[in-house]
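Novice: can you look at this prediction? I've put the sequence above it.
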Number of protein chains: 2
Amino acid sequence: MSEQVKYLLQENEMPTAWYNILNDFETPLPPVIHPGTGQPIGPQDLAPLFPMQLIMQEVGVGPYATSFVDIPEEVWEAYKLWRPTPLIRARRLEKALDTPAHIFFKYEGVSPSGSHKPNTAVPQAYYNKQEGTKRITTETGAGQWGSALSFACQLYDIECKVYMVAISFRQKPYRRFLMETYGSSVVSSPSMDTNTGRKFLAQDPDHTGSLGLAISEAVEDAAGREDTKYSLGSVLNHVLMHQTIIGEEALKQMEMAGEYPDIVVGCAGGGSNFAGIALPFIRAKMKGEKNTRIIAAEPTAAPSLTKGVYTYDFGDTGQIIPLVKMYTLGSSFIPAPIHAGGLRYHGMAPIVCKLYNEGLIEAVAVPQNAVFESNVLFAREEGILPAPEPGHAIRVVIQEALKAKEAGEKKTILFNLCGHGHFDLAGYEQYLKGGLEDYEYPREQVEMAISMLPKVAI
Amino acid sequence: MSEQVKYLLQENEMPTAWYNILNDFETPLPPVIHPGTGQPIGPQDLAPLFPMQLIMQEVGVGPYATSFVDIPEEVWEAYKLWRPTPLIRARRLEKALDTPAHIFFKYEGVSPSGSHKPNTAVPQAYYNKQEGTKRITTETGAGQWGSALSFACQLYDIECKVYMVAISFRQKPYRRFLMETYGSSVVSSPSMDTNTGRKFLAQDPDHTGSLGLAISEAVEDAAGREDTKYSLGSVLNHVLMHQTIIGEEALKQMEMAGEYPDIVVGCAGGGSNFAGIALPFIRAKMKGEKNTRIIAAEPTAAPSLTKGVYTYDFGDTGQIIPLVKMYTLGSSFIPAPIHAGGLRYHGMAPIVCKLYNEGLIEAVAVPQNAVFESNVLFAREEGILPAPEPGHAIRVVIQEALKAKEAGEKKTILFNLCGHGHFDLAGYEQYLKGGLEDYEYPREQVEMAISMLPKVAI
């Protein structure tokens, strides 16, 4: 009689390797370009910012020129503090929607900082420690990444400085306190601590900040100090690779459930949570073994995939870091202050962009009120209160489940619930009072922002 | 090489019965006394407030005159939304303390509302639904109970009204937003919605409130409406019984770990979290099979066990509900505004008091700064940020682990980490800034408060 809800792996069943999709691409990723020379950059250009092991992972060379990269034993041991995470079937949500679809979700909110971010924070801190880094700088939007890196740095006794997007610094102090409890130092970005920050503050003392701007500050800080490296919580290839632990676990757990997803959904800001759940399922799709639909759910306020242009752009607003080819809204674009701070980014991970460009994945943009509407329904049925970011995925899942109902088809849908919303309740309160704004970002504005990019020889 | 950290039960291994310690007591609990008549009350006296199944559980009669009470299938199914919860060995904390002790904790923070409270909220809502209740009132301190009951009422489509202790209503709005997201209506207590509330507001418009006072309001509301029952999140026998799912799971998981605890620790405010972890281990102790030390950790600001008097008192500040024999600081006592709002209660569960009176359990009072110091250490080693309430248990665990180190003894210690602290970060921020106050409550004040109790014939 009893219907299984949770599919749990014991810790000795946790995957021992990350999936490195770079090794399985038929054509390589477009090169990363040095803004000064217009030439592809080499590992040495990145050495001031990252430890060499991460740089080698970034380009997939040396021991990393392989599809499966062994997780270092010490990282695997640290993962056990919260992993493997549960795979849960949302049976009550299915009933509420009266859909024949089976809805599964991977729940990353059980991690110490409440999101998927520690999956890459821990190995990044570990490799830095191995190479003698004493201090790490980073940026954070809503604070999910900053608190994850703060936790990871604490594990390896590394000093951590976080540039936190101003609007979140003001609206979400609890995440800041969490970072401070883990021992980090946190400043509002733009800050007076960097040239970039001072420049933007001079233009607007009440600047709300953005991920792109905070990245500029953290990079500038790290580049200026011998003992300091920089750490990025999304976008980069090695970050996406670390996150594949999510999808690799999910593959095993879906097998426990005796199903394989027809549709895989993740929210996408920088792309790491989406890639974490999706890449291991794209593996079989690239081989032609499966025809899974893979959907990235992004906010209408920062619709890089659905409205952006696939071109070379800076990853940061200050335009001091190398150029990558990606779907971008223009690095000068400051997204509207939506509650899903983790999705307020002008670009998208190059790996995700390549997959989108090649038609291996789809993308859907979701407005803010629809996100909260879906989250409230989800919370009332399943108990778990989702963060606004995964609410984008939930919205798409609900749409697909309702389509399945209309078509009378049993579909198996999997999504990543990448974090809980216990830090995001101010947004819920505003939504319940009816006060959220929806933001659109029209293509004309994108094209104007792109046209304003500095000319670089590529 | 790899050392096991987590001990996970699959959901089909979840215990199917609660432990009813009433049935194993050699002498019965002292009777509950009607404040008007001075006579023991009967089930019919409680009928306006509770559904009959819960009343029968409260007194352990009918189908409940047994040591193991079957969990209704529908409740067991709902438990699966988050249970079984993990048992985790705090190996990094052990290393940081350089102790030979083995420290295990049960982690209840993975529940939808982030604490152990849904363990009883769900069955209470279920039994109410079975008997046709349309609306439930309750009180909440820090909001852990209120959000758990809000979630549970939502599952069974019951309206829920929460009287929230004023100081938490002001200091911890996020928990309130969570209750509202689950569909509840929340007011600050004392409120203008009841006679009791109006009386206390007239005396002091800025009244900080207390659990005892909020109980009075919720009871008055329920007693006055036909369609409404009342629900209490702690203290009562049936509540403690529902929480034993924690300890029953822990028994199985300790067996997986191949150990049995020498010491079991839980924080104690009303007593339900403590009882949840402790009672199943007291079973073997009462039978003389084990000699486990069982320790209740309470705040120095509300030290019912260590400084209270074992006597008949009201469970509420408004003195409208029946009298129970308990260790009490006097029902007129308003505890200092510590961050561990869930422990701000003048009394203690009668079952816990009887065990303490008979020497089966010990108690230790812990001041607020020591709690946060322990929690910060715990968070930095284990990642999980504990709520202030379980921080009292963590403090005692650390003390016992250090004693074991001094004595060179390998002790196995188990405690209940009953909730995460993601809603309590304002307290962490104040602690890190050095600004917390420690509160003591001297015995003379207790005796004065007790002497002021209305005379009742017992």
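Specialist: Perfect, thanks for sending it. Numbers count the residues shown, from 1 in each chain, chains lettered A, B, ... in the order given.

Novice: skipping adjacent residues, who's closest to A:L211 in space?
Specialist: A:Y345 (4.6 Å; C-beta to C-beta, 6 or more residues apart in numbering or on different chains). Heads up, the C-betas are built off the backbone N, CA and C, glycines and all.

Novice: near chain B, which residues of the stretch 301-450 of chain A?
Specialist: Residues of the stretch 301-450 of chain A found near chain B (C-beta under 8 Å from any C-beta of the partner chain) are A:376, A:379-380, A:382-385, A:420, A:422-423, A:425-426, A:428-429, A:432.

Novice: what's the most distant pair in those residues?
Specialist: Distance extremes for these: the farthest pair is A:E382 and A:A426 at 21.6 Å, using C-beta to C-beta.

Novice: those two: who's more crowded?
Specialist: Higher neighbour count among A:E382 and A:A426: A:E382, with 27 against 15, using other C-beta atoms under 10 Å in any protein chain shown.

Novice: please list all residues in contact with that one.
Specialist: Listed by C-beta atoms under 8 Å, 6 or more residues apart in numbering or on different chains, the contact partners of A:E382 are A:I88, A:A90, A:R92, A:L93, B:L81, B:P112.

Novice: count the neighbours of the residue lying closest to the last one once chain neighbours are set aside for me.
Specialist: Looking back up the chat, that one is B:P112. The shortest distance from B:P112 to any non-neighbouring residue, by C-beta to C-beta, 6+ apart, is to A:G383 (3.0 Å). Residues lying near A:G383 (other C-beta under 10 Å) number 22.

Novice: my guess is A:G383 contacts B:K80, does it?
Specialist: No - here A:G383 does not reach B:K80: they are 10.7 Å apart, not a contact under C-beta atoms under 8 Å.

Novice: could you measure from the residue most central in space within chain A over to chain B?
Specialist: With distances taken as C-alpha atoms, centre = their mean, the residue of chain A nearest its centroid is A:S272 (3.4 Å). Look at A:S272 and chain B: by C-beta to the nearest C-beta, to the nearest Å, they are 19 Å apart.

Novice: got phi/psi on that residue?
Specialist: phi -80, psi -40 (degrees, to the nearest 10).

Novice: what sits against it?
Specialist: Residues near A:S272 by C-beta under 8 Å, 6+ apart: A:H116, A:T120, A:G233, A:S234, A:V235, A:V239, A:L240, A:Q243, A:A349.

Novice: between these, which sits nearest chain B?
Specialist: Of all those, A:H116 has the smallest distance to chain B: 14.0 Å, by C-beta to the nearest C-beta.

Novice: could you count how many residues lie near that closest one?
Specialist: 33.

Novice: quick check: chain neighbours aside, which residue is closest to it?
Specialist: A:E108 is the one closest to A:H116 (C-beta to C-beta, 6+ apart), at 3.9 Å.

Novice: would you confirm that the one you found contacts A:G419?
Specialist: Yes - taking contacts as C-beta under 8 Å, A:E108 lies within contact range of A:G419: 6.2 Å.

Novice: now for these two: what residues contact both?
Specialist: Counting by C-beta under 8 Å, 6+ apart, the residues touching both A:E108 and A:G419 are A:S115, A:H116.

Novice: can you pull the contacts of the closest residue to the residue nearest to the centre of chain A other than its chain neighbours?
Specialist: Distance criterion C-beta to C-beta, 6+ apart; nearest residue to A:S272, sequence neighbours excluded, is A:S234 at 4.1 Å. Counting by C-beta under 8 Å, 6+ apart, A:S234 touches A:W145, A:L240, A:G269, A:G270, A:G271, A:S272, A:N273, A:Y345, A:A349.

Novice: now A:S234: which helix or strand?
Specialist: A:S234 is part of no helix or strand when elements are defined by DSSP states H and E.

Novice: now do the residue nearest to A:H116: how many residues are near it, please.
Specialist: When neighbours are counted by other C-beta under 10 Å, A:E108 registers 29.

Novice: ok, it to chain B distance?
Specialist: When distance is defined by C-beta to the nearest C-beta, A:E108 is 12 Å away from chain B.

Novice: one more: A:I246?
Specialist: A:I246 is 17 Å from chain B, by C-beta to the nearest C-beta.

Novice: residues contacting that residue?
Specialist: With C-beta under 8 Å, 6+ apart, A:I246 has these contacts: A:T85, A:K106, A:E108, A:H116, A:N119, A:N273, A:G276, A:I277, A:N416.

Novice: check A:C153 too.
Specialist: Counted by C-beta under 8 Å, 6+ apart, A:C153 has contacts A:A121, A:A125, A:I136, A:E159, A:C160, A:Y182, A:G183, A:S184.

Novice: at 6 Å instead, please
Specialist: A:A125, A:I136, A:C160 (C-beta atoms under 6 Å, 6 or more residues apart in numbering or on different chains).

Novice: okay, now the nearest residue to it once chain neighbours are set aside: neighbour count?
Specialist: Once flanking residues are discounted, A:C153 sits nearest to A:C160: 4.0 Å by C-beta to C-beta, 6+ apart. By other C-beta under 10 Å, 24 other residues sit near A:C160.

Novice: quick check: A:C160 touching A:I136?
Specialist: Yes - counting by C-beta atoms under 6 Å, A:I136 is a contact partner of A:C160 at 5.4 Å.

Novice: most surrounded residue in the contacts of A:S272?
Specialist: Comparing the contacts of A:S272 by number of neighbours (other C-beta under 10 Å), A:H116 comes first, having 33 neighbours.

Novice: tell me who's in contact with that one.
Specialist: A:E108, A:N273, A:C418.

Novice: at 8 Å what do you get?
Specialist: A:E108, A:Q243, A:I246, A:S272, A:N273, A:G276, A:N416, A:C418, A:G419.

Novice: so which of those sit within strands?
Specialist: A:N416 (DSSP state E).

Novice: check for me that A:Y312 belongs to a strand.
Specialist: Yes - counting by DSSP: H, G, I helix; E, B strand; the rest coil, A:Y312 is part of a strand.

Novice: could you measure from it over to chain B?
Specialist: A:Y312 sits 39 Å away from chain B, going by C-beta to the nearest C-beta.

Novice: quick one: that residue from A:G347, how far?
Specialist: 11 Å (C-beta to C-beta, to the nearest Å).

Novice: which of the two has more neighbours?
Specialist: More crowded of A:Y312 and A:G347, by other C-beta under 10 Å: A:G347, with 30 against 19.

Novice: tell me if the more buried one really is in a strand.
Specialist: No - A:G347: not assigned to a strand; according to three-state DSSP it is coil.

Novice: my guess is it contacts A:T311, does it?
Specialist: No - using C-beta under 8 Å as the test, A:G347 is too far from A:T311 to be in contact (10.2 Å).

Novice: what do the two both touch?
Specialist: Common contacts of A:G347 and A:T311 (C-beta under 8 Å, 6+ apart): A:M326, A:T328.

Novice: picking that back up, which residues sit in contact with the residue nearest to A:H116?
Specialist: A:E108 touches A:T85, A:S115, A:H116, A:N119, A:I246, A:N273, A:N416, A:L417, A:C418, A:G419, counting by C-beta under 8 Å, 6+ apart.

Novice: model confidence for the residue lying closest to A:A349 once chain neighbours are set aside, exactly?
Specialist: Closest residue in space to A:A349, ignoring its immediate chain neighbours: A:G271 at 3.1 Å, by C-beta to C-beta, 6+ apart. Note on A:G271: pLDDT of 96.
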